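S.K.: pasting a predicted model and its sequence here:
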Amino acid sequence: MQKILIPTDFSENAWNAIDYAMQLFRNKRCTFYLLNTYTPVIPSSRFMAKMVDGVRIVDAVRENSERGLQKTVNQIKSKYGNPNHSFETISSFNLLMEEVKDIVDTFGIHLVVTGTKGASGVDEVFMGSNTVRIIKSVKRCPILAIPYHFEYVTPTEIAFATDFNRFYTSSELSPLLEMAKMFKATIRIVHVQYGIKALTELQQFNLNMLRKYLGDVEHYVHTVSELNSVSHTLEMFSQELDIHLLAMLNYQHSYMEKMTREPIIKRTAFHTQIPLLVIPELGMEGLSVEEEQEEEQNVETHN
């Protein structure tokens with residue numbers, strides 16, 4: 001049973017992310033946790049919170065949040081009526097980032113699905129600020145960011161962007177492999193090259209281990225020259241090969257970190273036109289004893 005968290009602010013952008021998730025996991029048994037957070041502005045006072053028509057502001061906002069969540073569940077059931085799917089709603093007087101992290105830990109969430117834009121829907125930003133904060137804050141499960149207006153396409157072409165400078169564990173690659181096997185997808189390993197130079201011994205080792213983990217999943221390695229920025233390069237690669245999903249690991253000095261730190265002028269072209277799967281760094285500390293022993297054995301075998 002997959003446990004999937006979807007934050008929503010009841011916008012069209014949020015609904016589009018929900019719509020994508022319902023189709024992506026239509027054949028999987030899932031519990032979807034729909035989350036809405038609210039932080040009403042309450043005037044500082046030694047008296048009770050300000051009243052409007054006899055109702056405290058915080059109570060009114062909470063009721064609006066709860067009604068919005070129930071309406072959303074009803075819309076989902078009306079459109080899909082999928083017996084594989086069940087729903088839980090969470091209305092919380094809290095900051096979004098804090099609540100998302102708490103829910104991931106409390107319920108053992110396997111995936112967070114979110115829209116890429118905030119309420120403003122401004123196109124000139126890399127992603128909505130809430131999406132970037134979730135990506136930076138959530139360390140225990142992957143995040144799937146769905147672009148505004150993106151219409152669902154079965155992800156049979158998946159790009160995995162990497163510079164081969166880091167050793168990936170099998171646990172970190174698990175979300176990528178699960179997605180590829182679920183849809184019999186081809187994985188395109190894409191390496192953005194700075195200038196013309198061969199892979200180092202370390203990079204070649206990490207590439208070999210990556211291919212070992214991918215096993216019988218159809219995959220290819222693509223080396224592309226950087227075009228102005230990492231984000232623009234990956235966007236052009238995705239367009240040329242008709243990629244349906246872009247995946248990358250989020251760790252220090254990774255492509256994901258570089259993209260979120262690029263000057264705005266360099267990343268305005270990258271509006272995350274396709275869904276983005278961001279896998280958090282687990283490392284050895286995120287493994288069980290058995291998994292850690294298996295990883296160490298794999299490294300020794302290839303030394």
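M.R.: Everything's here; your move. Numbering: from 1, shown residues only.
S.K.: domain ranges for this structure, per the record?
M.R.: According to automatic domain parsing, the chain comprises the domains 1-152, 153-303.
S.K.: can you lay out those domains as CSV showing mean pLDDT and mean neighbour count?
M.R.: From N, CA and C alone the C-beta is placed, and that goes for glycine too. Below are the domains of the chain laid out as CSV (pLDDT from 0 to 100; neighbours: other CB atoms under 10 Å):
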stretch, mean pLDDT, mean neighbour count
domain 1-152, 85, 17
domain 153-303, 80, 16
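S.K.: packing partners for the longest helix along the chain?
M.R.: If you go by DSSP state H, the chain has its longest helix at helix 57-79. Helix 57-79 sits against helix 12-24, strand 30-37, strand 85-92, with contacts defined as 3 or more CB pairs under 8 Å, 6 or more residues apart in numbering; DSSP states H and E.
S.K.: run through the neighbouring helices and strands of the last one.
M.R.: Helices and strands touching strand 85-92, by 3+ CB pairs under 8 Å, 6+ apart, are strand 30-37, helix 57-79, helix 96-107.
S.K.: 10 Å - rerun?
M.R.: On a contact count with 3 or more CB pairs under 10 Å, 6 or more residues apart in numbering; DSSP states H and E, strand 85-92 meets strand 2-7, strand 30-37, helix 57-79, helix 96-107.
S.K.: kindly reformat these as a markdown table containing distance to residue 163.
M.R.: Converted to a markdown table, those look like this (distance: least, CB to CB, whole Å):
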| stretch | distance to residue 163 |
| --- | --- |
| strand 2-7 | 30 |
| strand 30-37 | 33 |
| helix 57-79 | 39 |
| helix 96-107 | 27 |
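S.K.: ok, which of these comes nearest residue 245?
M.R.: Residue 245 sits nearest to strand 2-7 of all those, at 15.8 Å, using CB to CB.
S.K.: show me how far the closest one is from its chain's centre.
M.R.: 11 Å (CA atoms, centre = their mean, to the nearest Å).
S.K.: parallel or antiparallel, list what pairs with that strand.
M.R.: Its sheet considered, strand 2-7 pairs with strand 30-37 (parallel), strand 111-115 (parallel) by DSSP bridges.
S.K.: save those as a markdown table, and put in distance to residue 157 too.
M.R.: As requested, the strands paired with strand 2-7 are exported to a markdown table (distance: least, CB to CB, whole Å):
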| stretch | distance to residue 157 |
| --- | --- |
| strand 30-37 | 24 |
| strand 111-115 | 20 |
